[in-house]
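Novice: Pasting a predicted model and its sequence here:
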Amino acid sequence: MTTPAIEVVDLVKNYGEVSALKGISLEVARGEVLGLLGPNGSGKTTTVTLLSTLQRPSSGHARICGHDVVGEAARVRELVSLTGQYASLDEGLTAVENLAVFGRLTGLRGRELKVRIDELVEQFDLGAERDRRVATLSGGMRRRVDIASALVTRPEVLFLDEPTTGLDPRSRASVWDTVAALRAEGITILLTTQYLEEADRLADHIVMLNRGSVVAAGTPGQLKQQVGAAVCEVTLVERGDTARVIDLLDGLELVEAPEDGTASGAQAHPRLVVRAPDGMATVAEVIARLRGAGIDVVDIGLRQPSLDEVFLQLTETAS
Ligand SMILES: Nc1ncnc2c1ncn2[C@@H]1O[C@H](COP(=O)(O)OP(=O)(O)OP(=O)(O)O)[C@@H](O)[C@H]1O
């Protein structure tokens, strides 16, 4: 059996009285993307700092490609690279100069360094920006230079700590493309994020943390199934029908409804979501009740719960 890229067993980290990690375990196979999800303060960054040897665990074990993060820290540092939400770039230098700084720090020199930089410029499509100072680049472009700089050393495992926090949707999409391309190259990635959509799109497996503990783990599909039933989503034609429909759906578990029974200004048509424990039979029941009352709908259907709904349910249960 191949050694996993990341193995974490009962990892604990205490800061004085604060228990940031209360014994988490997880495993990431080589070439996979793990999405580590959790609200603020749940322990995501602490996990990444322990795995990248920036801090030592209070107890438990973690291995990168079979090497212990405490006992073999120097070897682990050769295998991993970390890039965070706060870019570590020098704003006064150009994109290429930044890549060169990272290369020199890791012992690359001369022709070897130049070849590696040219490869990264091509891979990250930085041709037009290579000689521009980082201070003049857009947020998304900076993030790409930052990820490129983390790859100068060709790490086996890349830690991306909230790589798209603060980016606009277009820049976020461009970072997603970058992550997908790295995955296709076979780099193992541990991605921390607060964006469920990001994990849903990019991650092979997801681990959800809450207050220093793992509250759920699995593929995005498994997690959606874990909270049980699918949901029935109804979009009404008339805002004025909302309160009546809530009454008509009595007995079904309401997951989402416009506040105080009226549609919010941003929503053209009010949307209600109820749990559908019996799948299509629940949808048929909803249709029958609405038809019986003469309520018109724009759309009605069965869907899996979103990861956001899964996450809210799991963290509510755990707190
Ligand atoms: N150096 C430190 N000293 C004391 N407490 C710390 C330290 N670093 C983290 N903590 C605490 O440990 C807990 C976990 O923090 P951590 O930064 O790992 O969470 P996070 O999930 O990354 O949150 P965020 O999304 O806000 O970055 C928090 O309660 C935090 O206050």
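Specialist: That came through fine.

Novice: For the stretch 151-300 of the chain, give the residue positioned nearest to the ligand.
Specialist: Relative to the ligand, the nearest point of the stretch 151-300 of the chain is residue 194 (6.1 Å; C-beta to the nearest ligand atom). (Glycine included, C-beta is placed from N, CA and C.)

Novice: Would you mind measuring from that residue to residue 54?
Specialist: The gap separating residue 194 from residue 54 is 21 Å, by C-beta to C-beta, to the nearest Å.

Novice: Could you do residue 199 as well?
Specialist: 23 Å.

Novice: ditto for residue 101
Specialist: 19 Å.

Novice: Then residue 98?
Specialist: From residue 98 to residue 54 the distance is 20 Å (C-beta to C-beta).

Novice: which of those two has more neighbours?
Specialist: Applying other C-beta atoms under 10 Å to residue 98 and residue 54 shows that residue 98 carries more neighbours, namely 25 against 14.

Novice: now check stretch 10-18, is it near the ligand?
Specialist: Yes - residues of stretch 10-18 contacting the ligand under C-beta under 6 Å from any ligand atom: 15, 18.

Novice: Could you pull up the mean pLDDT of the one helix or strand residue 191 maps to?
Specialist: Assigned by DSSP states H and E, residue 191 belongs to strand 188-193. Mean pLDDT, strand 188-193: 94.

Novice: Any residue of the helix or strand following that strand touching the ligand?
Specialist: Per DSSP H and E, strand 188-193 leads on to helix 196-202 as the next helix or strand towards the C-terminus. No - shown here: helix 196-202 not in contact with the ligand (C-beta under 6 Å from any ligand atom), separated by at least 13.3 Å.

Novice: And the next helix or strand past helix 196-202?
Specialist: In the C-terminal direction from helix 196-202 (assignment by DSSP H and E), the next one is strand 205-210.

Novice: next helix or strand past that following strand?
Specialist: Next element after strand 205-210 (DSSP H and E): strand 213-218.

Novice: Return the list of strands paired to that following strand, each annotated with direction.
Specialist: With DSSP bridges as the test, strand 213-218 is paired with strand 205-210 (antiparallel).

Novice: which residues sit against the partner strand?
Specialist: Strand 205-210 has contacts (C-beta atoms under 8 Å, 6 or more residues apart in numbering) with 24, 26, 28, 32-39, 42-44, 47, 199, 214-220, 223, 307, 311, 314-315, 318-319.
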